[in-house]
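Enquirer: structure, please.
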Amino acid sequence: MYKNAENMESILRSICFNIRAAGRKVLKDYDISPAQFDVLQLLYFDGEKKLSEISKNLGVTKSTTTGLIKRLEILYFLDREQSEEDKRVYRIKLTDSGRELITKVIKKRVEVMQSVIDRLGNEKELIEKLSELQKTIKEVVKSGEYR
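Expert: Next up is the predicted model:
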């Protein structure tokens, strides 16, 4: 019974890895690590966050997150602003340069996906099936109905 589930997990993991790897080729022109890129992506897709929120989302310590953020600040990919209400709290947000970098990576990923579509054909059916898969995975994970 689990054999198909194992195969599916392996296939999806490989797909995600390959798409990520293609997009990260853009990063070779920049002096940032994959972990730093994860911070940029989080802020790009979810908006500005507190340091503690970034740590929690990435599953790393606050001290690790602080180091990542300091490096990205030096490279002008993000800004840190002190909260008006609580001077101990800083909000972290992307700069235009940070948004531009993420946009370049996404563009590279889209180019890869367009090449895949060109090879496989039947674009509409492919997108429908992938959307159904994505929706179902989200529902199962959210409901906790997996074993």
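Enquirer: show me where this protein has strands.
Expert: Using DSSP state E, the strands of the chain run over 49-50, 78-82, 90-94.
Enquirer: in the last one, what's buried?
Expert: Right, strand 90-94. Buried residues in strand 90-94, counted by 16 or more other C-beta atoms under 10 Å: 90-92, 94. Using the backbone N, CA and C atoms, a C-beta is placed for each residue, glycine as well.
Enquirer: pull up the pairing partners for it, direction included.
Expert: Take DSSP bridges as the rule and strand 90-94 pairs in its sheet with strand 49-50 (antiparallel), strand 78-82 (antiparallel).
Enquirer: closest one to Q36 among these?
Expert: strand 78-82 (9.6 Å; C-beta to C-beta).
Enquirer: and that closest one, how far from the chain's centre?
Expert: 20 Å (C-alpha atoms, centre = their mean, to the nearest Å).
Enquirer: again, but for stretch 100-118
Expert: 14 Å.
Enquirer: can you give me the helices in this structure?
Expert: 2-24, 34-46, 51-58, 62-74, 96-120, 123-143 (DSSP state H).
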